[in-house]
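Undergrad: Show me the folded form of this:
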Amino acid sequence: MLKSIFLSVLLGFTALSGAGAQTAAPSATGQAPRTPPPIREKFVEQGIDQLSSPFTKPTVLKLNAIVQKSKDIIDRFDHDIKAIRTAVAAAAKRGAPVAARARATASLGTLSALSGRARVNLAEMKRAERGVRTSGEKYNDTILSAMVAFCVDVDTEVRTEHRQLAAKLKRG
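TA: Modelled structure (predicted):
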């Protein structure tokens, strides 16, 4: 994969540097002006074995596992949310049948469980973040911050949706 990215970037720069060459109209003497040679960027190719990880292997495995849990939560949320919203909307209508309210309540229970999982996962990520930052090991702050932000966003989105739908059902 890295090799294909490298080749894409290399080909892109090569194409761009060749595209900068322009041909001008003939000069007053009737001769075509010289076209400057295309600018070539110099790339230093690195093999896979020369690249280093921004984290130690145990740390990256631990952090990736936490991020994967958040991804699983948001994937489940995205899969279920339309049906949950529909159930709550139907139950929130004036004169909604008892069965509709029961379905909405069960749907909110599913959302509540997802919210609980997201909250627990965020707490796990925060502990892992503190551990990495205080460990003294080398790490990439941008990547670590992005991982934490993803877990925060998942928790916030699920929790906010749960709170809004519960309030809607309660008003209905």
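
Undergrad: okay, CA-based contacts and neighbour counts for the rest of this
TA: OK.

Undergrad: Which helix in this protein has the most residues?
TA: Scanning the chain for the helix with the most residues, using DSSP state H, yields helix 98-135.

Undergrad: Can you point out the buried residues in the very next helix or strand once past it?
TA: Tracing the chain past helix 98-135, the next element assigned as helix or strand by DSSP states H and E is helix 141-171. Applying a neighbour-count criterion of 16 or more other C-alpha atoms under 10 Å, one finds 144, 147-148, 150-152, 154-156, 158-159, 161-162, 165-166, 168-169 buried in helix 141-171.

Undergrad: Now do the same for residue 172: its pLDDT.
TA: Predicted confidence (pLDDT) for residue 172: 74.

Undergrad: repeat for residue 26
TA: pLDDT, residue 26: 51.

Undergrad: Low-confidence ranges, this structure, go.
TA: Segments of the chain classed as low confidence (criterion: pLDDT under 70) are 1-51.

Undergrad: The residue most central in space within it and residue 64, how far apart?
TA: Centroid-nearest residue in the chain, with C-alpha atoms, centre = their mean: residue 150, separated by 6.6 Å. Taken as C-alpha to C-alpha, to the nearest Å, the spacing of residue 150 relative to residue 64 amounts to 11 Å.

Undergrad: and what of residue 89?
TA: From residue 89 over to residue 64 the distance is 37 Å, taken as C-alpha to C-alpha.

Undergrad: Who has more neighbours out of these two?
TA: Neighbours per residue (other C-alpha atoms under 10 Å) separate residue 89 from residue 64, with residue 89 holding more: 18 against 14.

Undergrad: Tell me who's in contact with the more buried one.
TA: Counting by C-alpha atoms under 8 Å, 6 or more residues apart in numbering, residue 89 touches 168-169.
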